[in-house]
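J.: Just need the structure, nothing else, for what follows:
(chains A, B, C and D)
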There are 2 protein chains.
Amino acid sequence: MPMADAALPVVFAALADDTRWNLLVRLGRSSASASALAAEFPVSRQAIAKHLAVLEETGLVSSGKVGREVRFTAVGARLSTVARELEGIASGWDRRLAAIKEQAENP
Amino acid sequence: MPMADAALPVVFAALADDTRWNLLVRLGRSSASASALAAEFPVSRQAIAKHLAVLEETGLVSSGKVGREVRFTAVGARLSTVARELEGIASGWDRRLAAIKEQAENP
DNA sequence: TCCATATGCAATCATTGGGTTGCAGTAAAA
DNA sequence: TTTTACTGCAACCCAATGATTGCATATGGA
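T.: Okay, here's the model as predicted:
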């Protein structure tokens, strides 16, 4: 039975910001450095660096040095894990609430 | 191919707050009114009412009047939808990034 | 009817967090 | 070696928002 992971809200917070979400989707197409992303997005490189730090802390992106730049990549496996946890929680609700409804109608 | 739903960050924002997440999980066990929840949580009824409003706007809970109170219930189907969208996006990343890696190794 | 209980609305407060600018450090390239 | 470009850290600003208190408004039950 999947437990309601207390760390989930942290991941949600990471995904909740529009700029950060767009960055993540962008990195899903191909990896890139903070400077390269700054050329594509209407925010400063430092702002992007902060977003990438948040995404990396939650495991949604990974980074590695290539030459003198730091290349970031989206981690699909992390998102899949979140998806499965959500699915488990949701189905739990449906089963439980259906059971309560059933019990209420057949006393 | 699942598109990166632009409305997803709104749902994530709704799920990102700890108190709100705990409320949602609580409602997954059984439906309850704002006043009843206020007796279980260490925040005011008005704060809870705001959280419920946010959750309802994003379709994560539904409400109905029972007597003179408003009863709220978690909507598992909404969470399942989000889960499937995430799964689709994540698998897309994996396929694409694997293809890029493959291409880089076999030029 | 009268009262208790549940909800709704408004104003206010404090914290969080996204964004910026500025500067320092460092390593590849010429 | 000198230069150029990418990164990292720090301080600051401001809008968003979670939370509170207070009051007004029903509405079901005794």
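
J.: Help me see whether the helix or strand hosting residue A:93 makes contact with chain B, please.
T.: According to DSSP states H and E, residue A:93 maps onto helix A:76-105. Yes - judged by Cβ under 8 Å from any Cβ of the partner chain, helix A:76-105 comes into contact with chain B at A:76-80, A:82-84, A:86-87, A:89-94, A:96-97, A:100. Every C-beta, even on glycine, is put in place using the N, C-alpha and C of the backbone.

J.: PyMOL command to pick out the buried ones of these?
T.: Selection of buried members from the residues of helix A:76-105 next to chain B for PyMOL, criterion 16 or more other Cβ atoms under 10 Å in any protein chain shown:
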select buried, chain A and resi 76+78+79+80+82+83+86+87+89+90+92+93+94+97
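
J.: Was I right to think residue A:83 contacts residue B:86?
T.: Yes - counting by Cβ atoms under 8 Å, residue A:83 touches residue B:86, with 3.9 Å between them.

J.: Would the one helix or strand residue A:27 maps to count as contacting chain B?
T.: Residue A:27 is part of helix A:18-29 when elements are defined by DSSP H and E. Yes - Helix A:18-29 lies within reach of chain B by Cβ under 8 Å from any Cβ, at A:18, A:21, A:25, A:28, A:29.

J.: can you check stretch A:49-65 too?
T.: No - Stretch A:49-65 stays clear of chain B (Cβ under 8 Å from any Cβ), getting no nearer than 10.0 Å.

J.: Which positions in that stretch come out as buried?
T.: Of the residues in stretch A:49-65, those buried (16+ other Cβ under 10 Å) are A:49, A:51, A:52, A:54, A:55, A:58, A:60, A:61, A:62, A:63.

J.: Pull the distance from that stretch to the chain's centre.
T.: 11 Å (Cα atoms, centre = their mean, to the nearest Å).

J.: neighbouring contacts of that stretch?
T.: For stretch A:49-65, the external contacting residues (Cβ atoms under 8 Å, 6 or more residues apart in numbering or on different chains) are A:10-11, A:14-15, A:17, A:19-20, A:23-24, A:27, A:34, A:37, A:70-75, A:78-79.
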